[in-house]
Every structure is written in C-alpha cells, then in structure tokens.
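Trainee: Show me the folded form of this:
(chains A and B)
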Amino acid sequence: RKEVEQDPGPFNVPEGATVAFNCTYSNSASQSFFWYRQDCRKEPKLLMSVYSSGNEDGRFTAQLNRASQYISLLIRDSKLSDSATYLCVVNGVTGGFKTIFGAGTRLFVKA
Amino acid sequence: GEEVAQTPKHLVRGEGQKAKLYCAPIKGHSYVFWYQQVLKNEFKFLISFQNENVFDETGMPKERFSAKCLPNSPCSLEIQATKLEDSAVYFCASSQRQVTGELFFGEGSRLTVL
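Mentor: Model prediction:
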C-alpha cells in the first residue's frame, strides 16, 4: 500500500463548479500535511497547509481527519486557471523524517 | 538567493555516462531535498540534507546515485553509469524547517538518457 494515496482523476468540471479531492495516508504518526499545486511541466508550489481545525483561503478549503487518516481539498467556484495537478503531501516519520507526495489528482476546468 | 536555483535545466546523456545536477537552496534554509519525477508521475523521495549532513537517504539507489551538500557550494546529485530508467525530472527543494516547513522547489533538471 502506498504511504499517500490520491485518486488520479482526471476530474473534468465546468467553470463555477465545486470540486473536492481526498487523500489518505497510512502512517498514523504523520505530523504535518499540505496541498501543493503543480502546473504542466513546472515545479510544485504550496497551495495551503492543512490543520485539524480546517483552514480556508478564498475559494479553497482544506480539512484534516486524523482519526480516519485523510485530508481533503474543496475548491468552490472553479476557474479555468485552477486546472492543474493537486498533490497531497504528508510529513512523517518512516525510518527518518520524510516528506511523501501523493501521485496527484488532475483537474481540468472547462469553459 | 531568494529562490532555489537548479542547473542544468536539461541534460542529455548516453547510457553508461555520468550525470551531475546542481542545486543552490534559498539562503537561510537548512534543509535540502531531492526528488525524482518520472513522466509526470509521483515524486520519489531520494535524499535530504540538514546543512551538509545527510538527514535521510532511504530513497537513494545506493549503487549509482550519490549526493552532497558542502559548505559554500551548491548541493549536487550525481548519477554514475546512467540507465534509461533514470530519465526523469529531478527536483530540488529547500526548507527552513524539516517537519512543518513549506518546501520551496527549484524548476527542476530534466535528464534524458538515450
């Protein structure tokens, strides 16, 4: 089983739609959680950190459920510019501190 | 510098040749990470450093891959005797803190092994 699992998609949604991604992680000792965004052929960039209390940044909301070991990202009012791959990232201890990336969820927002 | 600088952007090598990639982390960042991304698939962790010390090397294929972060020099990732399956984009990232810190990525070095 992979340490961090995501649905690869692709998710094809119209502009203005609400879309949600989930991510599960296997290591219960994981300590910090993030969503990164990767545009085609570019480096990943931090979208937001994820906290147990949940956090919101404009149209983006992230949630962490430690009991069930999953992380979610909700995008409201999708824009064409939201088209990208969304990477779930988990920091934990697996034989040493390590940052593990999920395989990413591909999102296409169409006009 | 204010951003992670990776060189070269593109590198082409014949099978069996050596490849060396460089990464200058953001000034003041103590942690450096190397990742391999094959064909836009998932990121494979290779190695991390805390300053010039190896922090975690559990992802490194030890036979042909090596990496260093020496004081006052860019970090480097070297592949001896490259194989076709080494073709990938190699991303370097730096961070101020290991566990909770944001990773700042360089633009990556695309290695093509022919």
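Trainee: What is the neighbour count of the spatially closest residue to B:E42 that is not a sequence neighbour?
Mentor: Nearest non-adjacent residue to B:E42, counting by C-beta to C-beta, 6 or more residues apart in numbering or on different chains: A:A103, 3.9 Å away. Where C-beta positions appear, they are placed from N, C-alpha and C, glycine not excepted. Residues within reach of A:A103, counting by other C-beta atoms under 10 Å in any protein chain shown, total 19.
Trainee: got the contact list for A:A103?
Mentor: A:A103 makes contacts with A:K2, A:E5, A:Q6, A:P8, B:N41, B:E42, as judged by C-beta atoms under 8 Å, 6 or more residues apart in numbering or on different chains.
Trainee: check contacts around the second one.
Mentor: Contacts for A:E5 (C-beta under 8 Å, 6+ apart) come out as A:C23, A:T24, A:Y25, A:S26, A:G102, A:A103.
Trainee: From those residues, keep the buried residues only.
Mentor: A:C23, A:T24, A:Y25, A:G102, A:A103 (16 or more other C-beta atoms under 10 Å in any protein chain shown).
Trainee: Going by neighbour count, list what's buried in the one helix or strand A:L46 maps to.
Mentor: Secondary structure assignment for A:L46, by DSSP states H and E: strand A:45-50. Within strand A:45-50, the residues that count as buried by 16+ other C-beta under 10 Å are A:L47, A:M48, A:S49, A:V50.
Trainee: one step back: farthest-apart pair in the contacts of A:E5, please.
Mentor: Comparing every pair within the contacts of A:E5 by C-beta to C-beta identifies A:S26 and A:A103 as the most remote, at 14.0 Å.
Trainee: Go ahead and confirm B:C75 touches B:H29.
Mentor: No: using C-beta atoms under 8 Å, B:C75 is not in contact with B:H29; the gap is 10.9 Å.
Trainee: And stretch A:21-30, how far out from the chain middle?
Mentor: In terms of C-alpha atoms, centre = their mean, to the nearest Å, the centre of stretch A:21-30 is found 11 Å from the chain centre.
Trainee: average pLDDT for the lengthiest strand in chain A?
Mentor: In chain A, taking DSSP state E as the definition, the longest strand is strand A:84-93. Strand A:84-93 carries an average pLDDT of 88.
Trainee: and that strand, is it in reach of chain B?
Mentor: Yes: residues of strand A:84-93 are located near chain B by C-beta under 8 Å from any C-beta of the partner chain, namely A:T85, A:L87, A:V89, A:N91.
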